[in-house]
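> Give me a 3D structure for the following:
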Amino acid sequence: MDMRTNEAVAPERLLVVTGASSGVGRATAKSLVLEHGCSVIAVARSAGALEELSNECKAGAGQLHPLVLDLEQADAVAKVQQTVSGRRLHGLVNNAGLLIKQPFGAWTAPETSRLFHLNAAVPLLLAQGLAPLLAGAPPGHVVNISSMGGFQGSVKFPGLAAYSASKAALTNLTECLAEEMKDLRVRCNCICLGAVDTPMLRAAFPGYPAPVGPEEVGGFLARFVLEGHKFFNGKVLPFAVSTP
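Numbering: from 1, shown residues only. Now for the predicted structure:
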């Protein structure tokens, strides 16, 4: 007789991480799979980067499920919903983002529209579309990844007006989502990142030596999306050793 039939089987913890091809998103997805045994739907545009990440996660107790998808597409939310396929979702990390840097006077309407769409509207639409699957006990947790550029009272930098404004919209959205989803028992919090050594930071501040690497931040975010709902809701939390 197989005595293992009497052993309790831990329920699957399923999460969605967007922007998982590089930087903080990649490190977060990897930590969730390798260190916490979670199943992660990793969303990104780059098939090659997701394949590489999937190979690196094969040794983990969890599973990585790559989803090659451009979140700017009109049917992006529907495709994420189809991939979740009705399963209970424990977390959503809205990490995908767009950086455009322009001197004041050179901004165009299409550029600002793209920034606000990907950095603020897409997280809203994903949270809205996945909220029924995040509902339940323990509470599902939406974590929005913003920037210190969008944190009220922080130092601002030239060339980043529309980017910082779109990230400020994401911080406000976090507070709104916490209210919108409270009856579903879904929690929502925002982490405003300072200087982390990622391709986006290097594009914004060439040559700036960031004091923190993506692996350290990804490890923190993995723990936060799994545990932070116990202590925070509707909170905008700065995470910065330096700004930028």
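> what about this protein, any weak spots by pLDDT?
Residue ranges of the chain with pLDDT under 70: 1-10.
> 50 - rerun?
Across the chain, the ranges flagged by pLDDT under 50 are 1-7.
> Just name whatever secondary elements the lengthiest helix in it is in contact with.
Longest helix in the chain by number of residues (criterion: DSSP state H): helix 161-180. Here helix 161-180 touches helix 109-116, helix 122-134, strand 140-147, strand 186-193, strand 236-239, going by 3 or more CB pairs under 8 Å, 6 or more residues apart in numbering; DSSP states H and E. Any C-beta I mention is one placed from the backbone N, CA and C, and that applies to glycine too.
> Make JSON lines out of those and add distance to Leu71 and mean neighbour count.
Putting those into JSON lines (distance: least, CB to CB, whole Å; neighbours: other CB atoms under 10 Å) gives the following:
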{"stretch": "helix 109-116", "distance to Leu71": "11", "mean neighbour count": "15"}
{"stretch": "helix 122-134", "distance to Leu71": "5", "mean neighbour count": "20"}
{"stretch": "strand 140-147", "distance to Leu71": "13", "mean neighbour count": "27"}
{"stretch": "strand 186-193", "distance to Leu71": "18", "mean neighbour count": "26"}
{"stretch": "strand 236-239", "distance to Leu71": "22", "mean neighbour count": "18"}
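> Give me the neighbour count for Pro103.
By other CB atoms under 10 Å, 9 other residues sit near Pro103.
> my bad, Phe151
24.
> What of Met200?
Around Met200 there are 18 residues (other CB under 10 Å).
> What residues does it make contact with?
23, 97, 99 (CB atoms under 8 Å, 6 or more residues apart in numbering).
> ditto for Lys30
53, 56-57, 64, 218.
> Help me confirm that it is found in a strand?
No. Using DSSP: H, G, I helix; E, B strand; the rest coil, the assignment for Lys30 is helix, not a strand.
> if we can go back for a sec, format the contacts of Lys30 as CSV; extra columns: distance to Ile145 and secondary structure.
Conversion of the contacts of Lys30 to CSV gives the following (distance: CB to CB, whole Å; DSSP: H, G, I helix; E, B strand; the rest coil):
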residue, distance to Ile145, secondary structure
Leu53, 17, helix
Glu56, 21, helix
Cys57, 20, coil
Leu64, 19, strand
Gly218, 11, helix
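> between the residues you listed, which is nearest Pro103?
Gly218 (32.3 Å; CB to CB).
> Buried residues in stretch 23-42, which are they?
Within stretch 23-42, the residues that count as buried by 16 or more other CB atoms under 10 Å are 23-34, 36, 38-42.
> measure that stretch end to end?
13 Å (CA to CA, to the nearest Å).
> for it, the distance to its chain's centre please.
Relative to its chain's centre, stretch 23-42 lies at 11 Å (CA atoms, centre = their mean, to the nearest Å).
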